[in-house]
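turn this into a structure:
(chains A and B, ligands or ions: 1)
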Amino acid sequence: MVDTTSTKKPRIGVFVCHCGTNIAGSIDVKGLVEYAKTVPNVAFAQDYQYVCSTPGQKIITDAIEKEKLTGTVVAACSPRLHEPTFRTATKEGGLNQFRFEMANIREQGSWVHMHDRDAATDKAKDAVRIAVAKAALLQDLEPKAVPVEKAALVVGAGIAGMQAALDLANAGIKTYLVEKNPSIGGRMSQLDKTFPTLDCSQCILTPKMVDVGRAPNIELMTYSEIDAVEGYIGNFDVTIRKKARGVLSMAEAEAKGISGGGCNGCGDCEPVCPVIKPNPFEEGMKPRKAIYIYHPQVVPLLYTVDFDSCIKCNLCVTVCGDKKAIDLEMKDELIKVKVGTVILAIGFDIFPVENKREWGYKQFENVVTSLEFERLICASGPTGGHLIRPSDGKEPKRIGFVLCAGSRDNTGIGKPYCSRFCCMYSLKHAHQIIEKMPGAIPYIFYMDIRSFGKMYEEFYYRIQDEGAKFIRGRVANILEDPVTKNLHVYAEDTMLQRPMDMEMDLVVLAAAVQPAALTDKTRKLFGVSCSLDGWLLEAHPKLNPCGTTTAGVFLAGVCQGPKDIPDAVAQAEGAASAASIPIHRGEVELEPFFAQCIEEKCAGCGMCINLCPYQALSLVDKEAGKKVMQVTEAKCKGCGTCGAFCPGGAIWMQHFSTPQIVAQIDAFLLGGVK
Amino acid sequence: MADVKKPKILGILCNWCSYAGADLAGSARTQYPPDVRVVRVMCTGRVDPLFIMKAFTDGADGVLVSGCHFGDCHYLEGNYKSAKRMFLMKSLLKGIGMEDKRLRMTFVSASEGAKWAKVIEDVVNTINELGPSPLKEMTK
Ligand code: FES
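Next up, the predicted model:
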């Protein structure tokens, strides 16, 4: 039976917070307390400097007992910040924790009407009256405890995703690691060296990749994407699309009864394949066959067929022979997994810097991006680490670096934010040139050098000492000499206050980063918001940088905003720790804001059933011939879409019931400031 | 200024986007007119047409319903359903001879604090231009 009545005569306590001067600076707190005492059903009102502090909360617990309160209202900051705090205080005072309502007089009061004290105070009075009206009708509710599945999902296997998965696995949690590319490793595997230590990227990454491949608790799913997500914290049902890679692993072959078969990475198939395509791992600067591996260190060591370009000539199948590893008829497979928590580590893409036409990328051969430079200077890259310019294969002597290529750009074409690691890797590139190519000079065109990390500023000094040239000026334009294919870089040297035209053999654009292509799709599947620039939105920028507003979903790495490798790894470890907490506790409490059917009013029309996005509602037989709606609480998330529609008013939304909301509206419009 | 009647505007905000966006405007100290009073619901899908009618019969000069952008609703599609209902309510308002501009639905995400301030300015301006609700006069 749904209890739609409130039994006790309401006695509400109102607690008004000064929040130092945050609230008291723009709102007449004393006046607000006096006003609160005149509001119907208010039995007690008091103000305090910081209600969220221990003595502040004690005022609440004491008042509940002394004044025999039936509900509490705190007029302070946003419920999105301190609702849990005051619910706990309300509970400690002996009331049900849901007999609490918050009046937001800071974020939506004092802070936004700082120069109109009277209006801000009037608004706060209305807010208190509205909150009291709801508090008077609140009911006892019990949070619903649900068990948490002892498994986690990590989406994206770049350095952040790998670190998170390793941490979870080492904490004894079964972890599914899903990667859209055929190999794990992410962007870091494309890099040659890492700043400021100049570690070889592969040397520090490969052991981690091997660890991931070996960890018994990690189930690695490469060449896979998230297809669908259902459920909530503790019980996410995730459908993973394992894209057809056309090649069976040894384990898969074994399962199919091909004993001793499957891909062992011998590579016999690759030379016979007649199709040639650019290799995206090498930024298109090296060819690849239709059956390929990205690079020699891939994990898992497993070839992949690019079905978009495969002509199904079967030559690879023949040469593979008895291993029978290649199946050109393979189809995508859908795999369902159940996990308790999720970490998104979906990385970034490079901003299409050709959109900035003035720098000539994709118009002039000798203008490259820094990721292309990275491959050109890398020993395992297309030129074996020998830096040459694309137009004629000659070694460049004068190399220009254009920083903030698309970052810190308010023209609407680029990105307004700082991409955070371009300064540092450009310094590293300058160092590599000086070290590898005697006589060559790097010229760095910059706005500011942002070397904020540990040992970063020292690295900057070192590169200056090594002889790199720094020109403080944003590059306005780059033009090509059609004969020599050299580049003229036009900029203003703002130090000398003089325009300059410098001839370069090669120009490297330190392109901005932007959210990865799949970001929007993925975040919508998991119900995660994004900030204005498209990066995934953390629950709180300072105090909860790994969490999201969707309980049980966490963030790691650049997908939350540009960051370098140490920061990405640190956040991954944070996210892994946060994601393991509910799993180790084994149980989470959900807010019980479920729909309930008031059976006497339900006509059994069933119109609500289709409205529910979660299939939480169904029609069941009640005595002879009468059908009523029934809610499956485990599926209901409490949005209230059904409750807003029911023509008979037969749906009761717990904590957001129609009488409660109508009381709020009435309190605002009919109550009025005296 | 004292004798200028302040408009009464009700804002019903979803918890996940618009309420968070309004909070963000606060953290950024973005100043906007103080005329909208807020009731928080979990999703705009919860906004019963009854609430709108109740507000207008109670004498509201305007009602603002604000939720997540399409595709961003925390509950997948509550905002679509709400938008449909708001269209219906708008034609109903017209039917009874009220300006349908008094009811407004907007989409403000958790990261759009500045937009929230703009929305409020806009809504308050619109309602000020329209003047007090005719229903208020009638029910007096
Ligand atoms: S949660 Fe914002 S509109 Fe549904």
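
which helix in chain A has the most residues?
The longest helix of chain A (DSSP state H) is helix A:565-585.

what's the following helix or strand after it?
strand A:587-590 (DSSP states H and E).

partners of the helix or strand just after that next one in the sheet?
Heading C-terminal from strand A:587-590, the first helix or strand you meet, by DSSP H and E, is strand A:595-597. Each strand paired with strand A:595-597, and its direction, by DSSP bridges: strand A:651-653 (antiparallel).

and the strand it pairs with, average pLDDT?
If you average the pLDDT over strand A:651-653, you get 95.

what of stretch B:94-109?
The model assigns stretch B:94-109 a mean pLDDT of 95.

now stretch A:149-168
For stretch A:149-168, the per-residue pLDDT averages 98.

mind listing what's buried in it?
A:149, A:151-168 (16 or more other CB atoms under 10 Å in any protein chain shown). In short, each C-beta sits where N, CA and C put it, glycine included.

would you mind writing the CA trace of the longest helix of chain A as PDB?
In PDB, the C-alpha atoms belonging to helix A:565-585 read as follows (Å, rounded to 0.1, in the frame of the first residue of the first chain):
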ATOM      1  CA  ILE A 565      51.100  11.300 -18.900                       C
ATOM      2  CA  PRO A 566      51.900  11.700 -15.100                       C
ATOM      3  CA  ASP A 567      48.600  13.400 -14.500                       C
ATOM      4  CA  ALA A 568      46.700  10.900 -16.600                       C
ATOM      5  CA  VAL A 569      48.200   8.000 -14.700                       C
ATOM      6  CA  ALA A 570      47.500   9.700 -11.300                       C
ATOM      7  CA  GLN A 571      43.900  10.200 -12.200                       C
ATOM      8  CA  ALA A 572      43.700   6.700 -13.400                       C
ATOM      9  CA  GLU A 573      44.900   5.400 -10.100                       C
ATOM     10  CA  GLY A 574      42.400   7.700  -8.400                       C
ATOM     11  CA  ALA A 575      39.500   6.500 -10.600                       C
ATOM     12  CA  ALA A 576      40.500   2.900 -10.000                       C
ATOM     13  CA  SER A 577      40.500   3.400  -6.200                       C
ATOM     14  CA  ALA A 578      37.100   5.200  -6.400                       C
ATOM     15  CA  ALA A 579      35.700   2.500  -8.600                       C
ATOM     16  CA  SER A 580      36.800  -0.300  -6.300                       C
ATOM     17  CA  ILE A 581      35.200   1.200  -3.200                       C
ATOM     18  CA  PRO A 582      31.600   0.200  -4.000                       C
ATOM     19  CA  ILE A 583      32.800  -3.200  -5.200                       C
ATOM     20  CA  HIS A 584      34.700  -3.900  -2.000                       C
ATOM     21  CA  ARG A 585      31.800  -2.700   0.100                       C
END
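
who are the packing partners of it?
Applying 3 or more CB pairs under 8 Å, 6 or more residues apart in numbering or on different chains; DSSP states H and E, we find helix A:565-585 packed against strand A:151-155, helix A:159-170, strand A:341-344, strand A:553-555.

tell me if the last one is near chain B.
Pointing back at strand A:553-555 there. No. Strand A:553-555 does not reach chain B (CB under 8 Å from any CB of the partner chain); its nearest approach is 11.6 Å.

any stretches of the chain with poor pLDDT?
If you meant another chain, say so; for now it's chain A. A:1-8, A:672-674 (pLDDT under 70).

switch to chain B, that's the one I care about
B:1-4, B:139-140.

and the closest residue to the ligand within chain A, what does it touch?
Residue nearest to the ligand within chain A (CB to the nearest ligand atom): A:C639, separated by 6.2 Å. Contacts for A:C639 (CB atoms under 8 Å, 6 or more residues apart in numbering or on different chains) come out as A:P613, B:M42, B:C43, B:G45, B:R46, B:H74, B:Y75, B:G78.

one more: A:L537?
A:V528, A:S529, A:C530, A:S531, A:T548, A:T549, B:A110, B:S111.

backbone phi and psi for the nearest residue to A:A244 once chain neighbours are set aside, please?
Residue nearest to A:A244 in three dimensions, not counting chain neighbours: A:M330, with 4.1 Å by CB to CB, 6 or more residues apart in numbering or on different chains. A:M330 adopts backbone torsions of phi -60, psi 140, taken as degrees, to the nearest 10.

just give the closest residue to the residue of chain A closest to the ligand, not the sequence neighbours.
What sits nearest to A:C639 in space, not counting adjacent residues and going by CB to CB, 6+ apart, is B:Y75, at 3.5 Å.

and for A:Q571?
A:A556 is the one closest to A:Q571 (CB to CB, 6+ apart), at 5.0 Å.

sorry, back to before: and the contacts of A:L537 as JSON lines, adding neighbour count and secondary structure?
Formatted as JSON lines, those follow (neighbours: other CB atoms under 10 Å in any protein chain shown; DSSP: H, G, I helix; E, B strand; the rest coil):
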{"residue": "A:V528", "neighbour count": "25", "secondary structure": "coil"}
{"residue": "A:S529", "neighbour count": "24", "secondary structure": "coil"}
{"residue": "A:C530", "neighbour count": "20", "secondary structure": "strand"}
{"residue": "A:S531", "neighbour count": "19", "secondary structure": "coil"}
{"residue": "A:T548", "neighbour count": "22", "secondary structure": "coil"}
{"residue": "A:T549", "neighbour count": "20", "secondary structure": "coil"}
{"residue": "B:A110", "neighbour count": "26", "secondary structure": "coil"}
{"residue": "B:S111", "neighbour count": "19", "secondary structure": "coil"}
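
can I get those in a markdown table including distance to A:Q202?
Below are the contacts of A:L537 laid out as a markdown table (distance: CB to CB, whole Å):
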| residue | distance to A:Q202 |
| --- | --- |
| A:V528 | 32 |
| A:S529 | 36 |
| A:C530 | 32 |
| A:S531 | 33 |
| A:T548 | 32 |
| A:T549 | 37 |
| B:A110 | 39 |
| B:S111 | 37 |
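
A:T121: what's its closest spatial neighbour, skipping adjacent residues?
In space, A:T121 is closest to A:D28, 4.6 Å off (CB to CB, 6+ apart).

looks like that neighbour contacts A:D116 (just checking).
No. Between A:D28 and A:D116 there is no contact, the gap being 11.9 Å when judged by CB atoms under 8 Å.

give me the distance between the residue nearest in space to the middle of chain A and chain B.
With distances taken as CA atoms, centre = their mean, A:L536 lies nearest the centre of chain A, 3.6 Å away. Distance of A:L536 to chain B, computed by CB to the nearest CB, to the nearest Å: 11 Å.

and that residue, how far from A:P352?
Here the criterion is CB to CB, to the nearest Å. By it, A:L536 lies 21 Å from A:P352.

and B:N128, by the same measure?
45 Å.

swap in A:D47?
55 Å.

neighbour count: the two, which is higher?
A:D47 (21 against 15; other CB atoms under 10 Å in any protein chain shown).

so the more buried one, which of the three states?
Look at A:D47: counting by DSSP: H, G, I helix; E, B strand; the rest coil, its state is strand.

near the residue lying closest to it once chain neighbours are set aside, how many other residues are there?
Distances taken as CB to CB, 6+ apart put A:V16 closest to A:D47, at 4.2 Å, once the chain neighbours are dropped. Neighbour count of A:V16, defined by other CB under 10 Å: 28.

which helix or strand contains A:V16?
strand A:12-17.
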